[in-house]
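Asks: For reference, the sequence and a predicted model appear below.
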Amino acid sequence: SDNAVLYAASRGGHLYELRYSEESGGHIVTDLCRLAPHLFDGYTVRDMTYQEAPYPILWVVRDDFKLLSCAYNPKLQVIAWHQHETEADIHYVCSIPNGVEDAVFVSTARAINGDPGNVLYSVERLMPLLDEDRDTAIRMDCSLTFEGVDVSTVYNLWPLENQVVKVVADGAQLGDRTVLEGRIALDVPADVIHVGLGYQGRLKTLPLTVQNRSTGAYGVGYDKNPTRAAFRVVQSAGIKVGPNLSQLTEPPPRLDEVLGDPPALRTETRVVTLHPGWQIDSALYIVVDEPLPAKVLSMTVEMEVSGR
């Protein structure tokens with residue numbers, strides 16, 4: 001990657017970047033896990049792959065069958081790790097060139113109906129990152145897609161037996177369903193139906209800081225109260241923001257959409273008034289619990305700082 005070699009250490013569980021440096025006149029080694037050691041200490045790397053397009057991402061499978069990924073762009077000095085929680089055990093991961101976007105596949109093992117003696121082994125493809133069509137850009141775990149004409153009952157859902165699933169039909173969310181005898185019923189017939197396990201995407205900022213113009217200090221050690229947040233999103237569905245997971249706020253409803261139509265994915269700036277709360281280590285959570293895309297480009301926060 002970019003004239004660098006990425007490799008896993010034989011001991012310690014960390015990943016490293018080996019790169020030639022003209023300034024040092026030789027090769028230098030950088031620990032890619034230094035900013036997120038809690039994800040690697042005590043584990044080893046089972047498998048890894050590099051996705052080059054559309055965004056450079058390093059995918060890693062730990063020895064406990066958990067999937068991690070790293071937004072990796074050395075030219076921009078970006079190294080950002082994230083976890084991908086799933087009810088399946090991830091055994092292997094690979095990336096294959098596929099037109100404008102590399103396709104990422106994982107080898108999974110899923111216990112059907114929670115029975116460890118009945119395990120489904122399969123190869124699953126991660127959803128394309130560039131897909132921004134509301135009808136197809138689905139964000140679910142173990143998602144299955146069915147197409148037909150005026151379908152009112154979806155069959156062959158045995159991998160999801162007794163699971164509470166999310167349902168998106170013709171671009172609209174229909175609420176949760178429980179799979180019984182391998183099927184679910186729809187309230188309204190649809191032509192394209194996606195069924196899968198829902199999950200919650202979470203982003204937590206570092207503790208908020210603000211520079212005091214008179215002292216030059218950054219508010220470290222002072223109580224802070226975030227009051228308002230404005231964030232820029234691209235082709236995104238619903239996003240919630242709050243100082244903790246129990247006090248999340250959604251942007252106000254849109255008034256320019258047709259009643260009864262699925263809300264469109266929007267590129268816009270969203271403004272949210274936050275629940276008040278004073279904390280020394282104030283941070284914000286951005287949460288997505290809809291099975292639809294969400295891309296946050298930036299966030300600006302207004303907050304109060306105590307005078308002590």
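Replies: Cool, the structure landed. Numbers count the residues shown, from 1 in each chain.

Asks: CA only for contacts and neighbour counts going forward, please
Replies: Noted.

Asks: I'd guessed V151 sits against A190; true?
Replies: Yes. At 5.2 Å, V151 counts as touching A190 under the criterion of CA atoms under 8 Å.

Asks: Any regions of the stretch 151-300 of the chain where pLDDT drops low?
Replies: 212-219, 255, 259-260 (pLDDT under 70).

Asks: Would you mind measuring from the closest residue to Y50 other than its chain neighbours to V165?
Replies: Of all residues not flanking Y50 in the chain, L58 sits nearest, at 4.7 Å (CA to CA, 6 or more residues apart in numbering). Per CA to CA, to the nearest Å, L58 is found 29 Å from V165.

Asks: Ok, L18 next?
Replies: Taking CA to CA, one finds L18 at 43 Å from V165.

Asks: So between the two, which is more surrounded?
Replies: V165 (23 against 15; other CA atoms under 10 Å).

Asks: thinking the more buried one is in contact with L180, fair?
Replies: No. V165 is beyond contact range of L180, at 11.0 Å (criterion: CA under 8 Å).

Asks: Give the full set of residues in contact with Y55.
Replies: Shown in contact with Y55 (CA atoms under 8 Å, 6 or more residues apart in numbering): A71.

Asks: What confidence value was assigned to it?
Replies: Note for Y55: predicted pLDDT of 91.

Asks: and the residue nearest to Y50, what does it touch?
Replies: L58 neighbours (CA under 8 Å, 6+ apart): M48, T49, Y50, Q51, S69, C70, A71, Y72.

Asks: give me the element it is part of.
Replies: Secondary structure assignment for L58, by DSSP states H and E: strand 57-62.

Asks: picking that back up, of V151 and A190, who's got more company?
Replies: Each of V151 and A190 has its neighbours counted (other CA under 10 Å); A190 has more, 20 against 17.

Asks: any idea how far Q173 lies from S107?
Replies: 28 Å.

Asks: next one: Y7
Replies: 21 Å.

Asks: Tell me who's in contact with A103.
Replies: Applying CA under 8 Å, 6+ apart, the residues contacting A103 are Q51, S95, I96, P97, R125, L126, P128.

Asks: Could you check how many residues crowd around the fourth one?
Replies: Close neighbours of P97, defined as other CA under 10 Å, add up to 12.

Asks: State the distance from the residue lying closest to it once chain neighbours are set aside to R134.
Replies: Closest residue to P97 apart from its sequence neighbours, by CA to CA, 6+ apart: A103 at 6.2 Å. Computed as CA to CA, the A103 to R134 distance reads 20 Å.
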